[in-house]
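Colleague: model this:
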Amino acid sequence: MWFKKTKEPKVQKKVKIPEGLWVKCDNCKEIIYKKEIDKNLKVCPKCNYHFRISAKERIKLLADEGTFIELDSDISSSDPLKFKDSLTYPERIKENQKKSGMQEAVISGEALLSGTPVIFVIMDFSFMGGSMGSVVGEKIARAAETALEKKLPMISVASSGGARMQEGIFSLMQMAKVSAAIGRLKDNGVPFISVLADPTFGGVAASFAMLGDVIIAEPRSLIGFAGPRVIEQTMKQQLPDNFQRAEFLLEHGLIDTVVSRENMKETLAKLIRLLA
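Modeller: All right, here's what the predicted structure looks like:
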């Protein structure tokens with residue numbers, strides 16, 4: 001009797017792919033090599049989706065190399081309400097400082113933009129959702145005062161979920177404070193340009209972010225006061241496609257222009273020359 005020798009099944013070796021090499025685009029869902037995304041200023045090469053970037057990355061993108069001088073870096077949050085959820089408010093602050101590498105949700109400073117001195121105010125969504133507490137409001141107001149004193153154009157880049165609930169009414173008061181500071185710039189003819197990044201909501205959208213002499217948004221940025229789901233639940237109606245996206249707001253006159261990340265510095269430089 002003849003026996004047929006069976007072939008031993010081939011064992012497929014699993015290749016371990018190091019984490020962080022690939023990124024899934026939130027818009028087109030394509031899997032893209034992370035280095036390709038980084039090389040393209042954190043913009044998807046397939047669909048032009050603009051990933052969120054940190055405040056420090058934004059400074060490198062907009063400020064002339066080596067010219068940024070930070071303002072008011074020594075201000076820190078207090079805990080006026082003794083707020084506690086799963087963590088106390090001071091613990092929450094420390095956790096976000098470690099995670100984001102930021103002292104607070106905004107960084108302000110003086111720098112050159114294509115050779116022109118400007119004041120920058122740049123928010124970072126990775127720090128407690130870019131929420132505007134008393135320190136954020138104070139830094140924005142002080143930056144505006146510096147811009148007024150030195151007669152320098154001010155540029156803000158907003159990326160925020162709104163007011164910071166851990167500070168309650170102290171947080172909401174910042175809306176009036178920063179709006180008054182921006183008003184003084186306008187009264188004295190000092191240019192203020194507002195850039196809206198994804199997302200810009202709540203008390204930030206309802207205050208300084210919408211007070212620019214020129215309001216610019218990055219492509220497909222989500223911008224508004226309340227989120228679309230809250231609006232749908234309140235109105236009991238389905239919202240239009242791309243509602244609250246930058247392109248929708250441009251079409252309806254709420255913002256002035258939509259500018260891609262690669263062209264942002266050049267556009268800001270041109271606007272400053274025209275306004276100043």
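Colleague: quick one: secondary structure of the residue nearest the centre of the chain?
Modeller: What sits nearest the mean C-alpha location of the chain, by C-alpha atoms, centre = their mean, is residue 159, with 2.7 Å. Under the three-state scheme (DSSP: H, G, I helix; E, B strand; the rest coil), residue 159 adopts strand.
Colleague: what does stretch 21-32 contact?
Modeller: Contact partners of stretch 21-32, identified using C-beta atoms under 8 Å, 6 or more residues apart in numbering, comprise 33, 34, 37, 44, 45, 46, 47, 49, 51, 220. Bear in mind the C-beta positions are built from the backbone N, C-alpha and C, glycine included.
Colleague: can you give me how far stretch 36-48 is from the chain middle?
Modeller: For stretch 36-48, the distance from its own C-alpha centre to the chain's C-alpha centre is 17 Å (C-alpha atoms, centre = their mean, to the nearest Å).
Colleague: returning to what we had before: out of the contacts of stretch 21-32, name the ones that lie in strands.
Modeller: residue 33 (DSSP state E).
Colleague: so what does whichever helix in the chain runs longest touch, helix or strand wise?
Modeller: Taking residue count as the measure and DSSP state H as the definition, the longest helix of the chain comes out as helix 169-187. Where contact means 3 or more C-beta pairs under 8 Å, 6 or more residues apart in numbering; DSSP states H and E, helix 169-187 is packed against helix 134-150, strand 192-200, helix 202-205.
Colleague: how does it look with 6 Å?
Modeller: Using 3 or more C-beta pairs under 6 Å, 6 or more residues apart in numbering; DSSP states H and E as the contact criterion, the elements in contact with helix 169-187 are helix 134-150.
Colleague: now the helix it packs on and strand 192-200, what's the angle there?
Modeller: Our comparison of helix 134-150 with strand 192-200, counting by axes from the mean of the first three to the mean of the last three C-alpha atoms, to 10 degrees, yields an angle of 160 degrees.
Colleague: in this structure, which spans are helices?
Modeller: So, for the chain - with DSSP H - the helices run 34-39, 55-62, 89-100, 134-150, 169-187, 202-205, 228-235, 246-251, 261-275.
Colleague: The fourth one - what's its average pLDDT?
Modeller: Just to be clear, that refers to helix 134-150. Within the predicted structure, the mean pLDDT of helix 134-150 is 98.
Colleague: same deal with stretch 83-100?
Modeller: Per-residue pLDDT values across stretch 83-100 average out to 96.
Colleague: And that stretch, what's buried?
Modeller: Using 16 or more other C-beta atoms under 10 Å as the burial criterion, the residues of stretch 83-100 that qualify are 83, 89, 90, 92, 93, 96, 100.
Colleague: Can I get those residues in a markdown table including distance to residue 128?
Modeller: Output for these, formatted as a markdown table (distance: C-beta to C-beta, whole Å):
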| residue | distance to residue 128 |
| --- | --- |
| 83 | 12 |
| 89 | 10 |
| 90 | 13 |
| 92 | 7 |
| 93 | 8 |
| 96 | 5 |
| 100 | 9 |
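Colleague: Tally up the residues packed near the spatially closest residue to residue 266 that is not a sequence neighbour, please.
Modeller: Using C-beta to C-beta, 6 or more residues apart in numbering and skipping the chain neighbours, the partner closest in space to residue 266 is residue 114 (7.6 Å). Residues contacting residue 114 under the criterion other C-beta atoms under 10 Å number 15.
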